[in-house]
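Engineer: Make a model of this:
(2 chains)
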2 protein chains.
Amino acid sequence: MFEGPLQDLIDEFSRLPGVGPKSAQRIAFYLLQTEPEDIDRLRAALAAVRDGVTFCRICNNVSREEVCRICADSGRDKATVCVVEDAKDIQVIERTGEYAGRYHVLGGALDPLANIGPKDLAIASLLQRIGGVQPDLEGEAIPEIAEVILATDPDTEGEATASYIARLLKDFPDLTVSRLASGMPLGGDLEFVDELTLSRALTGRLKL
Amino acid sequence: MFEGPLQDLIDEFSRLPGVGPKSAQRIAFYLLQTEPEDIDRLRAALAAVRDGVTFCRICNNVSREEVCRICADSGRDKATVCVVEDAKDIQVIERTGEYAGRYHVLGGALDPLANIGPKDLAIASLLQRIGGVQPDLEGEAIPEIAEVILATDPDTEGEATASYIARLLKDFPDLTVSRLASGMPLGGDLEFVDELTLSRALTGRLKL
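Structural biologist: Numbering: from 1, shown residues only, chains lettered A, B, ... in the order given. Modelled structure (predicted):
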């Protein structure tokens, strides 16, 4: 629709998740009218991520080093591993300040409709970590993993992934396997809670 | 929230119009997991727009050359100028196949609340074009402009801009000034047309 480079840029932006052709057009026109320095900053940020961000050898978290900040932190409990779908989820859990263990990033959830099977997720490396073939910092003793917290999303795919991994982890009899509690979100209103959440909250009711 | 380069990229994307922090995060993670070649293609497209796209010397349209394809097209009627807010609007009008004249891109609409006044728009250059000081292709005779079609958006800012320019154009007695017709959108349903549009359609009713 537009001439050469502008249309190319619109096409490139359209490929990004959550950016439709209309938003891509809007972004391209914005950049066209912006200072060249702004475009250069965006290009530099892209290059820095391309070259400078990798995945942690231990937990698969995004990292600038071979081992991420959390895995490299000697103050953290190495016997507990919290399994999450995405590196983004780590930030959410970190913000609670309630968790001092390590993580394992699966890189998604099982989703047969989208052709995502166990081989597409970092499940084999999780089993290796638990089985003692745990990669770790040079020269450090490898601690045994005592607990795995399954913190995949509370949706269909996340639940299926948690059940699948829980089944595999039955091979490790000494391992504690837990799942994040489901129930009423705090600050919520009973009236507006969906039935599935409410039935979970009832099933999992706690004695006071 | 994230480590260095990844957060920088999220920040850069957040600056783009219509991209919130959540979408920026999603895009950054998508790029992280994509092939380096995809990032390179986006970077190249950005560089090409930075270096290769400019604004037409005559009409202010986006262009790869000093004069855009439409102004350079000798088959088009140079006596008619259609005034639009944005270069995007040109594509919409071109798609109708009904217009064979040239354009003039204002670069926005008058909007006192956003501090956009006449000096921020390409109104002076429009008056120069009409006044005969029309920049044109080297060596070509400069044709006189006989009609100006005001095709700014049919919203408050666009209407105000059209009235403002129409008032200025009264200085050119031989010039025909017109505005795009307002009324019922075709394929619409009377029931769902807003009152303002309907009242415009009534006022501007045509004898059959």
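Engineer: Kindly point out the strands partnered with the longest strand seen in chain A and how each is oriented relative to it.
Structural biologist: Using DSSP state E to define each element, chain A has its longest strand at strand A:77-84. Strand A:77-84 pairs in its sheet with strand A:101-105 (parallel), strand A:147-150 (parallel), by DSSP bridges.
Engineer: quick one, which of those is packed in tightest?
Structural biologist: Among these, ranked by average contacts under mean count of other CB atoms under 10 Å in any protein chain shown, first place goes to strand A:101-105 (a mean of 24). C-beta: built from backbone N, CA, C; applies to glycine.
Engineer: Give me every residue in contact with the next helix or strand after it, excluding its own residues.
Structural biologist: As assigned by DSSP states H and E, the chain's next helix or strand after strand A:101-105 is helix A:123-130. Helix A:123-130 has contacts (CB atoms under 8 Å, 6 or more residues apart in numbering or on different chains) with A:58, A:60, A:81, A:83, A:104, A:106, A:134-135, A:145, A:148, A:164-165, A:168-169, A:172, A:175.
Engineer: if we can go back for a sec, show me what counts as buried in the longest strand of chain A.
Structural biologist: The neighbour-count check on strand A:77-84 (16 or more other CB atoms under 10 Å in any protein chain shown) flags A:Lys78, A:Thr80, A:Val81, A:Cys82, A:Val83, A:Val84 as buried.
Engineer: And the furthest pair within those residues?
Structural biologist: Largest separation among the buried residues of strand A:77-84 by CB to CB: A:Lys78 and A:Val84, giving 16.8 Å.
Engineer: And the residue nearest the centre of chain A, how far from A:Gly117?
Structural biologist: In chain A, the centroid-proximal residue (CA atoms, centre = their mean) is A:Asp86; its distance is 1.0 Å. Noted for A:Asp86: a distance of 18 Å to A:Gly117, by CB to CB, to the nearest Å.
Engineer: can you check A:Glu12 too?
Structural biologist: Taken as CB to CB, the span from A:Glu12 to A:Gly117 is 30 Å.
Engineer: between the two, who's got more neighbours?
Structural biologist: Applying other CB atoms under 10 Å in any protein chain shown to A:Glu12 and A:Gly117 shows that A:Glu12 carries more neighbours, namely 23 against 12.
Engineer: ok, longest helix in chain A?
Structural biologist: Counting by DSSP state H, the longest helix found in chain A is helix A:36-52.
Engineer: quick one: contacts of the longest strand of chain A?
Structural biologist: Strand A:77-84 is contacted by residues A:59, A:90, A:93, A:99-106, A:126, A:129-130, A:143-152, A:165 when judged by CB under 8 Å, 6+ apart.
Engineer: same thing but 6 Å
Structural biologist: If you take CB atoms under 6 Å, 6 or more residues apart in numbering or on different chains as the criterion, strand A:77-84 is touched by A:90, A:100-105, A:143, A:145-151.
Engineer: before we move on, what about stretch A:185-197?
Structural biologist: Here stretch A:185-197 makes contact (CB under 6 Å, 6+ apart) with A:Met184.
Engineer: Tell me the span between the first and last residue of that stretch.
Structural biologist: Terminal residues of stretch A:185-197 lie 9 Å apart, using CA to CA, to the nearest Å.
Engineer: Give me the buried positions along that stretch.
Structural biologist: Along stretch A:185-197, these residues count as buried under the neighbour rule (16+ other CB under 10 Å): A:Val193.
Engineer: The closest residue to A:Val105 other than its chain neighbours: neighbouring residues, count only.
Structural biologist: Leaving aside its chain neighbours, A:Val105 sits nearest to A:Asn60 (4.0 Å; criterion: CB to CB, 6 or more residues apart in numbering or on different chains). When counting by other CB under 10 Å, one arrives at 22 neighbours for A:Asn60.
Engineer: can you check A:Ala100 too?
Structural biologist: Neighbours around A:Ala100, by other CB under 10 Å: 11.
Engineer: same thing with the one 10 residues further on?
Structural biologist: A:Leu110 is flanked by 23 other residues according to other CB under 10 Å.
Engineer: who's in contact with it?
Structural biologist: Shown in contact with A:Leu110 (CB under 6 Å, 6+ apart): A:Ala160, A:Thr161, A:Tyr164.
Engineer: let's see 7 Å
Structural biologist: By CB atoms under 7 Å, 6 or more residues apart in numbering or on different chains, the contact set of A:Leu110 is A:Ile116, A:Gly117, A:Pro118, A:Leu121, A:Glu157, A:Ala160, A:Thr161, A:Tyr164.
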